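Asks: 3D model of this:
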Amino acid sequence: MYQAGVEAIMGFRLLGTTLVIDPCILRAWTGNEIDFRYHSARYEIVVDNPQGVSRGVASIELDGHALAGRGTTIPLVDYGVTHAVRVVLGHRPRRNPDAPVPNPLAAREHGAGLSAVAASGPRRTMSGETVVLRSAR
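Replies: Just a heads-up that it's a prediction; the model follows:
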């Protein structure tokens with residue numbers, strides 16, 4: 001049940017070495033935070049909802065770099081490093097179709113599996129990694 005909530009409401013899905021974040025939340029939620037461990041790497045994910053929307057990702061940043069052109073996906077790698085991810089919900093600005101799409105892995109590669117820890121204690125998913133949903137803000 002917890003995994004269904006993380007995947008459906010928080011829109012948090014692991015697809016191979018890619019994390020997909022596409023939340024469907026209440027408009028009143030201003031955001032939430034998720035700690036995600038992928039093997040030896042850790043991802044501290046902050047989801048902000050400044051426009052008060054229920055769906056739609058306006059932007060995603062990984063370690064301060066915009067992941068333009070990647071939709072709602074985050075590349076994952078197992079480097080034993082802690083990464084900061086910021087997801088902003090809202091309406092995505094239109095992109096110039098002639099602009100090059102940057103490759104965030106060219107400068108520095110980034111690392112995924114899935115399990116859940118709630119206030120009641122750890123719960124495991126099939127992949128055995130850890131997710132901590134800290135709060136809905």
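Asks: CA atoms for contacts and neighbours, from now on please.
Replies: Fine.
Asks: Could you check how far residue 25 is from residue 90?
Replies: 12 Å (C-alpha to C-alpha, to the nearest Å).
Asks: Need the residues touching each of the two.
Replies: Contact criterion C-alpha atoms under 8 Å, 6 or more residues apart in numbering; residues shared by residue 25 and residue 90: 53, 55.
Asks: just the strands in the chain please.
Replies: With DSSP state E as the criterion, the chain has strands at 12-15, 18-21, 31-38, 41-48, 57-62, 65-66, 73-75, 82-89, 115-118, 121-124, 130-136.
Asks: Please work out which of these is packed deepest.
Replies: Among the strands of the chain, ranked by average contacts under mean count of other C-alpha atoms under 10 Å, first place goes to strand 31-38 (a mean of 22).
Asks: which helices and strands sit right next to that strand?
Replies: Secondary-structure packing of strand 31-38 (3 or more C-alpha pairs under 8 Å, 6 or more residues apart in numbering; DSSP states H and E): strand 41-48, strand 130-136.
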